[in-house]
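Peer 1: My questions concern the predicted model and sequence given below.
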Amino acid sequence: MSEHPLNRNSCLEVVIDLLAKRGVSLDDIAEIVHFLQINYVPNLTQEMCLESVKAVLKKREVQNALLTGIQLDMLAEQKKLLPPLQSIIETDEPLYGVDEVLALAIVNLYGSIGFTNFGYVDKLKHGKLAYLNDKNNGVHTFLDDLVGAIAAAASSRIAHRQKQLEECSED
C-alpha cells in the first residue's frame, strides 16, 4: 500500500511540500505570474496570482508532471540514474528536450497563450527561475521548466478570466 492515498488533495500536499523542499514557494511562482500579467490586467494583485497558481496545482496532470520531474531531478542529484541519462539530466544537456516536453503537458491545459507565456518565461528566467537554472544550486533540469510552466499556465488562466470579464461588461 502506498504511503499517500492517491487523490487530488493528498497529491497536492505532496507536490507543495516537494516544491518547498526544492526551494520553491507558491509565492515565488505567483511573483512570476504577476510579472507576466501586470501589463495586461489592471489592478492585478499578488493574491490573485497566488490563487491562480493554486488552481493550476489542483489539476492532477500538473501534479503528475511535478512528481515525475522532481523525482528525476532528485535521482540525478543522488547519482542514481543509468548512464548516459545521469549525465544528461545532471548537466541539463541543451539537446535534451524531455524536460520541456513534460512542462508543455502543463501549459497545454490552458491553450495557445500558455505556450507563448512559457516560451517567454523560459527564455527570460525571471525570478526564482534564474535560481533554479543556476547549476550551482543543485539539479533542477525538470523543475525550472515545470515552475515556468505553472507560472505560464496560471498567467494564461488569468488572461482567460480577464477576457471573460471584459466580454461580460460589453453586454
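Peer 2: Received it, and whenever you're ready, just let me know what you need. Numbering: from 1, shown residues only.

Peer 1: so how far is residue 28 from the residue nearest the centre of the chain?
Peer 2: Nearest to the mean C-alpha position of the chain, by Cα atoms, centre = their mean, lies residue 147 at 2.5 Å. Going from residue 147 to residue 28 by Cβ to Cβ, to the nearest Å gives 8 Å. The way it works is simple: take the backbone N, C-alpha and C, and place the C-beta from them, glycine included.

Peer 1: same check, this time on residue 164
Peer 2: Relative to residue 28, residue 164 is positioned 27 Å away (Cβ to Cβ).

Peer 1: Neighbour count for the two, which is higher?
Peer 2: Set side by side, residue 164 and residue 28 show more neighbours around residue 28, with 19 against 10, by other Cβ atoms under 10 Å.

Peer 1: returning to what we had before: need the residues touching each of residue 147 and residue 28.
Peer 2: Shared contacts of residue 147 and residue 28, defined by Cβ atoms under 8 Å, 6 or more residues apart in numbering, comprise residue 128.

Peer 1: What segments of this structure are helices?
Peer 2: 8-21, 26-37, 46-57, 60-77, 85-91, 98-107, 112-124, 128-133, 143-170 (DSSP state H).

Peer 1: Just the angle for the first one relative to helix 46-57, thanks.
Peer 2: Which is helix 8-21. Angle between the axes of helix 8-21 and helix 46-57 is 120 degrees (criterion: axes from the mean of the first three to the mean of the last three Cα atoms, to 10 degrees).

Peer 1: Tell me who's in contact with residue 148.
Peer 2: Residue 148 sits in contact with 32, 103, 118, 121, 122, 129, where contact means Cβ under 8 Å, 6+ apart.

Peer 1: Which residue is the nearest non-sequential neighbour of it?
Peer 2: residue 121 (4.7 Å; Cβ to Cβ, 6 or more residues apart in numbering).

Peer 1: Hmm, that neighbour is touching residue 37, no?
Peer 2: No - Residue 121 is not in contact with residue 37 according to Cβ atoms under 8 Å; the separation is 11.2 Å.

Peer 1: Turn the contacts of residue 148 into CSV, columns for distance to residue 19, pLDDT and neighbour count.
Peer 2: Listed next are the contacts of residue 148 as CSV, based on distance: Cβ to Cβ, whole Å; pLDDT from 0 to 100; neighbours: other Cβ atoms under 10 Å:
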residue, distance to residue 19, pLDDT, neighbour count
32, 13, 98, 26
103, 14, 98, 27
118, 18, 97, 27
121, 17, 96, 23
122, 18, 94, 20
129, 13, 98, 23
